[in-house]
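# here is the input, now give the coordinates:
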Amino acid sequence: MNVINLLSEHISNQIAAGEVIQRPASVVKELLENAIDAGATEINIFIKDAGRTNIVIQDNGKGMTPDDAILSFKRHSTSKLNHVEDLFKMKTKGFRGEALASIGAISQVTMKTKHEKTDGNGFHIEYAGGKLIQKEECLCETGTIIEVKNIFFNVPARRSFLKSESVEFTHIRHEFERVAMAHNEVKLTLNQNDTEIYNLPESNIRKRITDVLGRNSNEKLVPILEETDIISITGFVGKPETSKKSRGEQYFFVNKRFFKHAYFHHAIAKAFDQLIPEKTHPSYFVFFEIDPSKIDINIHPTKTEINFEESKFIYSILLSSVKQALGKYNITPTIDFDIDNSFDLPHSKRNTEPKEPEIKVDPSYNPFSSFEKKNTVHDNKSSALNKQGFGHDPSPKDWENFYEIEDESDKKSNQLIEQDPQYFKQEFLIRERYIITNSKSGILIIDSKRARQRMIYDEMMNQFVSAPLDSQKLLFALEIEMNKDEIDSWKGSESLLKQLGFNFKSDSNKIIFESLPSYLDENDSKTCIENVTKVIMGDDADKGELAHEIVLNLIRSTHRIIQFKTNEEIKDFIERLFSHKDHSFCPLGKPIMQTKSLEELTSNF
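Next up is the predicted model:
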């Protein structure tokens, strides 16, 4: 009995859709690239509910004829390929002919299009679940309008895997920004829920990058430029002080196509070696122009990975160009041999006339006079001999002291151990963060910092379940500059972060903190905020797991050493520690206490 079946077109389209369309951002990416390939100079995007409900993309490109519009929803229908050799000469975004077929298979699609050479009406077509529902003439301008509704409506399992609205829209924004940076010659707008997010006019590359990232980024960009027979490299790198712990502002483009490349990223990271702190990442926006026959873009479903024929040479050229740019704009440390070494006069002396120093000579000075005086006073006897009793007649008292024996034990006491009168009255010994006390088998050493971390963690997690954590209002609001991804992450997790004690409001390029968790020391607030940002920028996690990670970062920021004044305070601290279930280890998994037995102590002597 035969077991192998030929899949229907409907099933094969859904399988292809699983590779090409992973989330609403994939739809935006594919349709944006189609509009660019159609020669559009203006593209408007309208999003509702982060693409779950509705995605509309309108362009003024060449448009399509009715026959092309119907054929475009068939798999492997494309206008970019005629021969196999064309695969290795690609300059367009798309070429596989799977985008519209995949989108139509998992959503309800409406298209209105009019070809630039058509004098009459345009053409209207509707697809749902891969099936043609309606086609007719319509009134529309030259170009194409595509509306995608209810993505994954016929694949509920796929729809259930979509993240929160803020996360999904962040992915859409990423795709939009990549196309916007690569095509600064195109006017682009992006709207979410009737709110304009971007309105980018045609501009140069630098202006387009600053429009996307924010005006403050303009002063932080260092231009790079390198022309060789192999490749042309242009773009910008961020100054070392703009490096961040989280990734996000790293962009490679080849022939105006965004791609990711770990090998080339290493080249830029190497150029910044010793200029930025460890575990931080530089920003860069690098554009490659290369012969299309020397790259292979057909190795990944989303076309974000590319093979380069001469990758090793490009690595060296990229490393050299970035180093040269950093050096040219005085970013790398240098020794300035032309520096003015003159004295910096005090302000009070700057208006006074300088005077030439005078030289005075004492003609009566005799350098040997002091030597003659010493010889006459001591009668040719050394001061060292006089000090030891030689050179003068002994007295009777000297002879009595000569036979007296001094008790060395009284003269020299053992000073290896400091004798504090209060020491023997104390049950505990405190040395910085460590509490040392007696135990049944020897001595017990407690790390008070880790013990405090355990107490704070348990208290915060227990309180978090039922009520918001205590917060402390800042006398002056704390402003932290962030990029759009980071701001979106804080806004998306606002309810959780407020429950953890962070009260804030957002601006276009910064977060303004009005109060912080009371457990957090104000001096450690910036470091803690950076760590929390890194946690919340990941994909949606369980609320409890996210709270656990954020509280751990709060715990890491507690550097204060407890100052104990009395034995009662120490006793109370230790009793509270032992009342916790996991009192042996801190929340970071490190031991809180250690016991040293008498045998271990003896072995050290």
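
# identify the residues contacting residue 497.
Residue 497 makes contacts with 490, 504, 532, 536, 550, as judged by Cβ atoms under 8 Å, 6 or more residues apart in numbering. Bear in mind the C-beta positions are built from the backbone N, C-alpha and C, glycine included.

# mind listing which of the residues you listed are in strands?
Counted as lying in strands by DSSP state E, out of the contacts of residue 497, are residue 504.

# okay, and which of the contacts of residue 497 map to helices?
Among those, the members falling in helices (DSSP state H) are 490, 532, 536, 550.

# hmm, which two among those residues are most spread apart?
Taking Cβ to Cβ as the measure, those span a maximum distance of 11.6 Å, between 490 and 550.

# where do the contact lists of the two overlap?
With Cβ under 8 Å, 6+ apart as the test, residue 490 and residue 550 both reach 497, 536.

# picking up where we left off before, I'd like the ones in helices among the contacts of residue 497 as a markdown table, with pLDDT, distance to residue 40 and neighbour count appended.
Output for the ones in helices among the contacts of residue 497, formatted as a markdown table (pLDDT from 0 to 100; distance: Cβ to Cβ, whole Å; neighbours: other Cβ atoms under 10 Å):
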| residue | pLDDT | distance to residue 40 | neighbour count |
| --- | --- | --- | --- |
| 490 | 87 | 34 | 23 |
| 532 | 82 | 41 | 24 |
| 536 | 80 | 36 | 19 |
| 550 | 73 | 43 | 24 |
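
# so which of those residues comes closest to residue 273?
residue 532 (28.3 Å).

# ok now do the closest one, which residues does it touch?
Each residue near residue 532 by Cβ under 8 Å, 6+ apart is listed here: 497, 502, 550, 553-554.

# kindly report the same for residue 268.
Counting by Cβ under 8 Å, 6+ apart, the residues that residue 268 touches are 237, 282, 284, 286, 318-319, 322.

# repeat that with 7 Å
Taking Cβ atoms under 7 Å, 6 or more residues apart in numbering, we find residue 268 in contact with 237, 282, 284, 318, 322.

# the first one: neighbour count?
Right, the one you point to is residue 237. 25 (other Cβ atoms under 10 Å).

# isn't it up against residue 224?
Yes: here residue 237 reaches residue 224: they are 6.1 Å apart, a contact under Cβ atoms under 7 Å.

# domains of the chain?
What automatic domain parsing lists as the domains of the chain is 9-200, 205-328, 470-518+520-556.

# ranking these by mean pLDDT, which is last?
With a mean of 80, domain 470-518+520-556 has the lowest mean pLDDT of the domains of the chain.

# that older thread, quick check, nearest of the contacts of residue 268 to residue 477?
Ranked by distance to residue 477 (Cβ to Cβ), the contacts of residue 268 are led by residue 282 at 29.4 Å.

# what about the closest one, distance to residue 174?
When distance is defined by Cβ to Cβ, to the nearest Å, residue 282 is 19 Å away from residue 174.

# residue 443 now?
As judged by Cβ to Cβ, residue 443 and residue 174 stand 57 Å apart.

# which parts of the stretch 151-300 of the chain are strands?
Here the stretch 151-300 of the chain has its strands, by DSSP state E, counting those that start in this stretch, at 187-192, 195-200, 221-227, 232-238, 250-254, 257-259, 284-289, 295-296.

# list the buried residues for the third one?
Neighbour counts over strand 221-227 (16 or more other Cβ atoms under 10 Å) mark 221-222, 224, 226 as buried.

# neighbouring strands for it, and are they parallel or not?
Counting by DSSP bridges, the strands paired with strand 221-227 are strand 232-238 (antiparallel).

# now the partner strand against strand 284-289, angle please.
Following axes from the mean of the first three to the mean of the last three Cα atoms, to 10 degrees, one obtains 170 degrees for the angle between strand 232-238 and strand 284-289.

# ok, now which ones touch residue 69?
By Cβ under 7 Å, 6+ apart, the neighbours of residue 69 are 111, 113, 123, 125.

# and after whatever helix or strand the last one lives in, which helix or strand comes next?
When you say that, I think you mean residue 125. Applying DSSP states H and E as the criterion places residue 125 in strand 122-128. Per DSSP H and E, the first helix or strand lying C-terminal to strand 122-128 is strand 131-138.

# list the contacts of that next one.
Residues from elsewhere that reach strand 131-138 (Cβ under 7 Å, 6+ apart): 70, 112, 121-127.

# can we see that at 6 Å?
Applying Cβ atoms under 6 Å, 6 or more residues apart in numbering, the contact partners of strand 131-138 are 112, 121-122, 124-126.

# show me what contacts residue 431?
Neighbouring residues of residue 431 by Cβ under 6 Å, 6+ apart: there are none.

# tell me how far it lies from residue 602.
Computed as Cβ to Cβ, the residue 431 to residue 602 distance reads 21 Å.

# what's the spacing between the closest residue in space to residue 434 that isn't next to it in sequence and residue 201?
Excluding the flanking residues, the one nearest residue 434 by Cβ to Cβ, 6 or more residues apart in numbering is residue 445, at 5.7 Å. Remark: distance between residue 445 and residue 201 (Cβ to Cβ) = 66 Å.

# for the spatially most central residue of the chain, give me the backbone phi and psi.
Among the residues of the chain, the one closest to the centroid is residue 246, at 1.7 Å (Cα atoms, centre = their mean). When read as degrees, to the nearest 10, the backbone of residue 246 gives phi -100, psi 150.

# can you tell me the closest non-neighbouring residue to it?
Residue 246 sits nearest to residue 534 (Cβ to Cβ, 6+ apart), 5.1 Å away.

# thinking again about what came up before, what is the nearest of the contacts of residue 69 to residue 456?
Nearest to residue 456 out of the contacts of residue 69 is residue 111 (Cβ to Cβ; 58.0 Å).

# which residues does that closest one bridge with?
Here residue 111, judged by DSSP bridges, has bridge partners residue 125, residue 146.

# that one reaches residue 146, doesn't it?
Yes: using Cβ atoms under 6 Å, residue 111 is in contact with residue 146, at 5.1 Å.
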